[in-house]
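Q: quick one, what's the 3D model for this:
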Amino acid sequence: MTTERTLRTFLDFYVERGHHLITGSTLLPPPGDPVLFTTSGMHPLTPYLEGRPHPLGRRLVNVQRCLRTTDLEEVGDSTHLTLFEMLGSWSLDDYGHPQSLRWGHELLTDGFGIPRSHLYVTVFGGDGEVGPDTGSLGLWEELGVPVEPTTDENWWSNGPVGPCGPDSEIFVWTGGDTPPTGSPTTDPRWVEVWNHVHMKYRRHEDGSLEPLRSPSVDTGMGLERLLSVLQGCDSVHETDLLRPWSRSVRPLWDLGVEELRLVCDHLRSGIVVVGEGVRPSPSGRGHVLRRLVRRLLTTLWQRDPTRTLGDLPGGLVDHTLDHFRMDVGRDEVRSVLLDEERRFRGLLDRGRTVLSRPRFRGPLTDEDHEYLHDTHGLPRDLVIHLRGPQPPDVLS
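A: This next block holds a predicted model:
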């Protein structure tokens, strides 16, 4: 199951069942939306999940590119990415949640070839406010899939107010030849791949719930995580989609596993953000781009300050731009990244002068680090590096 075949299998499955393909080809949210970047497949569809008629009808499907910075500290492990793609399907007051789950089971087993014995699901078991999701529970029992009821883990909301409802999460066994054991809450080898949300309530500011007049079903499945399951990979970075990055960067710069993953992730994310027309700046979307570039440079320079993004093979830039079908040239992207690298080196030069002041000659407090970051733009990692065993001028 290559990336292209996986995408085609998913989209064809839903188009054959009356879903209209909608675009998900930008990270930039709709005009008037206060968020900086689209963070999920459902985000651009929020008005329609709340009852507004969609111009293409009640059944929709797409592949949405997303960017999240809430999990930056987790990037480097086997599953977390800053930039990812979300496979999504929606029923806007059309078919119900059990039908969505039935189709999900069919696609995973018959379409993607996942053994039925390698599936486990969780459902909302009820709390003091809303009863258990008996419709989902009954469907999974009918299909013979093991079910584990939970509470908060299977209640989805888009923040403290707005549409929300019970969800059912589908897990796949990733323990290799070891027979499946335990459950999603007891064995980490059960990996969640797909979430089906029954959007049936609206939560108000006072915390109360009101049933939606037009309930919907919203599903989301991370492409990269699905690929790692279908291709038998230990991490998303080993899939055919991301493998070109690790294979090209590994011989270029001597990095540890987590460092390599972070550098590849942030570079790839930065390329796409630049391709969206964003440029580094002190605030807004540009600040997110600047943070990503400087974070990866911090990682690179901790071991070898002579490293430069100018060494990055142009083929990797082309690979990413081609996959996301971005109308921007390789040279323009490289120019933006290298300009930000030069700016960051200049910042470090000034930072060395700041750190030479008597105030910073002893142990640094959290207040010192906050001042250095907020006033001079020096991240904690680079401050520690500049004050480490290597002389400061090695970063010049």
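Q: CA only for contacts and neighbour counts going forward, please
A: OK.
Q: quick one, helices of this structure?
A: Under the criterion DSSP state H, the chain contains helices at 3-15, 46-49, 97-106, 134-143, 223-230, 243-252, 257-275, 284-303, 314-323, 330-355, 366-376, 380-386.
Q: show me what the fourth one is packed up against.
A: So that's helix 134-143. With contacts taken as 3 or more CA pairs under 8 Å, 6 or more residues apart in numbering; DSSP states H and E, helix 134-143 sits against helix 97-106, strand 119-124, strand 147-150.
Q: picking that back up, do you know which of the helices of the chain lies nearest R213?
A: For R213, the closest of the helices of the chain is helix 46-49, at 10.5 Å, according to CA to CA.
Q: nearest to E210 among the helices of the chain would be which one?
A: Comparing those under CA to CA, the one sitting nearest is helix 46-49, at 14.2 Å.
Q: now the closest one, how far from the centre of its chain.
A: Counting by CA atoms, centre = their mean, to the nearest Å, helix 46-49 is centred 21 Å from the centre of its parent chain.
Q: check stretch 360-374 too.
A: 32 Å.
Q: what's the end-to-end length of it?
A: 15 Å (CA to CA, to the nearest Å).
Q: ok, back up a step: next, format the helices and strands packed on helix 134-143 as JSON lines and append mean pLDDT and mean neighbour count.
A: Compiled in JSON lines, the helices and strands packed on helix 134-143 are given as follows (pLDDT from 0 to 100; neighbours: other CA atoms under 10 Å):
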{"stretch": "helix 97-106", "mean pLDDT": "98", "mean neighbour count": "19"}
{"stretch": "strand 119-124", "mean pLDDT": "97", "mean neighbour count": "25"}
{"stretch": "strand 147-150", "mean pLDDT": "95", "mean neighbour count": "18"}
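Q: how about those in a markdown table, adding distance to V63?
A: A markdown table is the format used below for the helices and strands packed on helix 134-143 (distance: least, CA to CA, whole Å):
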| stretch | distance to V63 |
| --- | --- |
| helix 97-106 | 16 |
| strand 119-124 | 23 |
| strand 147-150 | 28 |
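Q: for R303, find the nearest of the ones you listed.
A: Among the helices and strands packed on helix 134-143, strand 119-124 comes nearest to R303, with 42.9 Å by CA to CA.
Q: adjacent strands (with direction) for that closest one?
A: strand 147-150 (parallel), strand 162-173 (antiparallel) (DSSP bridges).
Q: before we move on, the earlier item: closest to I170 out of the helices of the chain?
A: That would be helix 97-106 among those, by CA to CA, at 8.7 Å.
Q: list the neighbours of the closest one that are in contact with it.
A: 135-136, 139, 196-198, 217 (CA atoms under 8 Å, 6 or more residues apart in numbering).
Q: ok, stretch 30-38 next?
A: So stretch 30-38 is contacted by 27-29, 44, 65-68, 284-285 (CA under 8 Å, 6+ apart).
Q: filter these to the buried ones?
A: Those of these that meet the buried threshold are 27-28, 44, 65-68, 285, by 16 or more other CA atoms under 10 Å.
Q: so what's the residue count around L348?
A: Counted with other CA atoms under 10 Å, residues neighbouring L348 total 22.
Q: ok, P358 next?
A: Other residues near P358 come to 8 when the count uses other CA under 10 Å.
Q: so how far is G314 from it?
A: From P358 to G314 the distance is 44 Å (CA to CA).
Q: got it, and D206?
A: D206 sits 53 Å away from G314, going by CA to CA.
Q: and those two? which has more neighbours close in?
A: Remark: of D206 and G314, G314 carries more neighbours, 13 against 8, as counted by other CA under 10 Å.
Q: got the contact list for the more buried one?
A: Applying CA under 8 Å, 6+ apart to G314 gives the contacts R330.
Q: ok, and the closest non-adjacent residue to R65?
A: Distance criterion CA to CA, 6 or more residues apart in numbering; nearest residue to R65, sequence neighbours excluded, is E85 at 4.4 Å.
Q: check contacts around the one you found.
A: Here E85 is in contact with 63-66, 222-224 (CA under 8 Å, 6+ apart).
Q: now stretch 87-94: mean pLDDT?
A: In this model, stretch 87-94 has a mean pLDDT of 97.
Q: chain center to it, what's the gap?
A: 20 Å.
Q: check stretch 54-66 too.
A: So, by CA atoms, centre = their mean, the centroid of stretch 54-66 is 19 Å from its chain's centroid.
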